[in-house]
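> Provide a 3D model corresponding to the input given below.
(2 chains)
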Amino acid sequence: MSASSLNTPVVLPGSLQTNRRLSQWLAFHPDGRVTVRTGKVDLGQGISTVLAQMAAEELDLAVTRIRMERASTVQGPNEGMTAGSMSVQDSGSALRQACAEARAIYLDLAALQRGLTPGQRAELRVIDGEFVNSADERIGSYWTLADDALLNIEASGIAKPKSVADHTLTGQTVARLDMPGKVLGQADFIHDMVLPGQLYGRVAHPPSPGAVLLEVALEAINALPDVVTTVRDGSFIGVIAKTDYAAVQALKKLAAAARWDEPATLPDMRDVPAFLRAQPVDTTLAGEKKSVTPGPSLTASEASRTAVGAQSFKASYARPFLAHASIGPSCALARCEANASGEITGVEVWTHSQGIYNLRPDLALVLGLPAAQIAIQHVPGAGCYGHNGADDAACDAVLLARAVPGRPVQLQWTREDELTCAPFGAAMSVDLQAVVDADGCISDWQHDVWSNGHSMRPGRSSTPVLHAAALLATPFPRQVAINMPLANGGGAERNALPSYDLAQWRTHCHRALTMPLRTSSLRSLGAHCNVFAVESFLDEMAEQLGVDPLAFRLRHLSDERSRAVLNAAAEMADWTNRHAGERREGSGMGIAFARYKNTGAYCAVVAAVHAEAEVRVEQLWIAADVGLVVNPDGVRNQIEGGAIQTVSWVLKEAVQFDRTRVTSRSWEDYPILRFSEVPKVDVQLVSRPGDKSLGAGEATHGPVAAAIANAVADALGLRMRQMPLSADALLQAALADPR
Amino acid sequence: MSQIHVLKRALNLTVNGRLTSVEAEENTPLVYVLREELGLKGTRLGCGQSQCGACHVLLDGVSVPACDTPLWAAENKAVVTVEGLGQPGAMHVLQQAFIDEQAAQCGYCVSGILVSAAALLAKCPLPSEAQVREALDPHLCRCGAHNRMVRAVLKAAAVGVAT
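Numbering: from 1, shown residues only, chains lettered A, B, ... in the order given. Prediction:
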């Protein structure tokens, strides 16, 4: 071993740091194609196209030459979760470096073969994979020199990715590589996979979160046409059939045959904030700032504050439990191999999980197998907006497949499973308090958030968190969701720390330690409700102080990038003239801003609403700064989509339940926004080519929510502090309004 | 419990222009016949309750949910799925417009939406934006690609009328 290899390894960008071998990331082929591997998975957000674009940029070739390989635990880099808008940062930066090094290795080899001088080597260019010298002669290519052994080495960190000035593809819109397949109806989804000898499974999930199976007669189910077998392990029951239709038919009979004990384990849906505050909690100080020259503070007496002309404010805000509600149901395939004595010796799983590397240890715990005996392959599912039922479905599939060794089993959830069994986005309750000094500046501020944890992902504990794990005859104890550390984005406290310059502040996070409904990560986590609360509160204060909401924000915002997006959104919406001329009754506009996670994308939103019996969002103007934009249309698509999804959450959505069961079980009970209700959405990207790329997928959820509430207050003079802003909530607020 | 045995029988239907005979129980929802018997996976199963629109197909030119259309109701009728709208190299004007406008994210809802859009344009070649939204209202999209899809349909209409 050489002396240098004993030194501390060089620090490499993104996920290359922990996946250092270049061959984990890419391979050239003699037919003019490149395989690019990433541990990040396509959740419908189009990340594979963006990563292909970044690889093509560094390799100097057409994007269409790149085949993006789906993430697998067998091959390719382990990049953990695809979450938190980190893919361009983690995987993109790694790919840039890996590709820059691969390019240099191939050019060095071509130069060596041709006996080029260092000067001649330096003049080599790459044109769509062909190596061209200064005399415009082709002297080789990735394809003619393709050899996997060349990249079977660790990255050195020596070759440097292109500088922004040399970019040719970055910043250009590249059409999504997977779009033709989607519009042609090609069989690209996991639901469409058919393996040789495939069987079809369905699971009769418990009808309520606390249900325990008392009895079920399986003989009649086993006798149904095309049924292969039934499976029971404790309160886990399922059926395997020769076709999906037969499995669906048998499921109805299986569900009808099961008798359950259903204890009442759920809180009163009408007052979830009171429930959250009544639970034992784990309270943490998420952050604070102490002023060396304290102005009027929250701890001072009201009289002393009044004496110096200060005003104090306090308000509470909330959101309900939210469902992921993807259009496609969760789905997985599994195949188990068994030895002669029937013991399982190997498991293959196909899943649309956000984290195949996290799923594997949890499956290993449930099955009592070494993780090395489980191979997991990602296959795209329908849109994924966080920790949905994908991992749970993968576990269901394996538990069924165990009964038919050698046969692959496809398992699909029903719509009802999707809306009742998958983890929910946690309900939240937020208290805000502030003091404004005689100059109209916030001198003290306190943010308290009560919520279940926003993370119950697999692979993080010695106890599996998969839905079926707690149902087995030898059950695993149910886990309670946690919040990830703030350095990793936090959970309930995400964006509970101010984005503004405040003289003094503190933020407490109170995580409930009981969890009647399973909660985990839903797009933007706590940011959605925290920003809704903060930005609503700022408007309430501005109104009392008689200050324009935009001016009040800018007064507390010195950061240039933050100011830029706020001013851009205001300009797009002609904010300053919004009350000029005759106002249509029930119409209003609202503004809001946040820097996602306090470290990510900057986003400001103006919403225009019309509110009578119900709120209709008519238009959104959004300005966003996501640093260096790799694919402008990809970013716009994420921003528009995130904004429209948020309108749906804010106006319509709340998981319904009685004291025993979740009662929102179909699209009729859990309506989402329809085409005729979707607002016009204008997006302006504030270009920052010199700054690093920031994720775009979750930047809008907080600001859009608050901008809508602020617009409703502008339109009706009614302050809506609890989501959803439904017709019913509007009526209640109007009745409670003292005016 | 007495076992009800439902007999399978042969039914004829025309799928994407081809006369097809299917041996199945006549109450089987069309979506399972298309996906499992005929291998046409483009028709997506979303809710099975005719509430989301993911499984829409054309039945004699009318956009219907295939999860709520029993096979007997399609007997001797013309069924067109998303695969029947166009193929690689010969795409339907709507499919090309959806690519041009990058009008999807995950794309799970797109098959049904293309089918309803095709039904709309057949009946109303130059619809207003409001008419497009109304025609697509039975379809749910969770990714928020609605406005792109509406733009794509309007663009396809303009191209279709021009050609």
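
> Three-state assignment for the residue nearest to the spatial centre of chain B, please.
In chain B, the residue lying closest to the centroid (C-alpha atoms, centre = their mean) is residue B:57, at 2.8 Å. Secondary structure for residue B:57, judged by DSSP: H, G, I helix; E, B strand; the rest coil, is strand.

> measure stretch A:544-560 end to end?
End-to-end distance of stretch A:544-560 (C-alpha to C-alpha, to the nearest Å): 27 Å.

> Off-centre distance for that stretch?
30 Å (C-alpha atoms, centre = their mean, to the nearest Å).

> who touches that stretch?
Stretch A:544-560 is contacted by residues A:311, A:313, A:436, A:440-442, A:499-502, A:538-539, A:541-543, A:563, A:566-567, A:570, A:575-576, A:590-591, A:593, A:595, A:710 when judged by C-beta atoms under 8 Å, 6 or more residues apart in numbering or on different chains. (Glycine included, C-beta is placed from N, CA and C.)

> cutoff 7 Å now
The contact list for stretch A:544-560 (C-beta atoms under 7 Å, 6 or more residues apart in numbering or on different chains) reads A:436, A:440-442, A:500-502, A:538-539, A:541-542, A:563, A:566, A:570, A:575, A:591, A:593, A:710.

> And residue A:307, how close does it get to chain B?
Distance of residue A:307 to chain B, computed by C-beta to the nearest C-beta, to the nearest Å: 51 Å.

> contacting residues around residue 150?
No chain was given, so I picked chain A. Each residue near residue A:150 by C-beta under 7 Å, 6+ apart is listed here: A:105, A:106, A:109.

> could you do chain B instead?
With C-beta under 7 Å, 6+ apart, residue B:150 has these contacts: A:675, B:129, B:132, B:133.

> How much space separates residue A:342 from chain B?
Going from residue A:342 to chain B by C-beta to the nearest C-beta gives 30 Å.

> Specify the local secondary structure of residue 149.
In the absence of a named chain, this looks at chain A. helix.

> if you could check chain B rather than the one you did, that'd help
Residue B:149 - assigned by three-state DSSP - is helix.

> Does it touch residue B:105 like I think?
No. Using C-beta atoms under 7 Å, residue B:149 is not in contact with residue B:105, being 10.6 Å away.

> Any idea what residue A:607 is bridged to?
On the basis of DSSP bridges, residue A:607 is bridged to residue A:590, residue A:620.

> neighbours of residue 102, just the number please.
The chain I'm using is chain A. 25 (other C-beta atoms under 10 Å in any protein chain shown).

> that's the wrong chain, I wanted chain B
So residue B:102, with other C-beta under 10 Å, has 22 neighbours.

> One more: residue B:163?
The burial count for residue B:163: 6, using other C-beta under 10 Å.

> gap between the residue lying closest to it once chain neighbours are set aside and chain A?
Leaving aside its chain neighbours, residue B:163 sits nearest to residue B:93 (7.6 Å; criterion: C-beta to C-beta, 6 or more residues apart in numbering or on different chains). Distance, residue B:93 to chain A, using C-beta to the nearest C-beta: 11 Å.

> wait, isn't residue B:93 in contact with residue B:161?
No. Residue B:93 is not in contact with residue B:161 according to C-beta under 7 Å; the separation is 9.9 Å.
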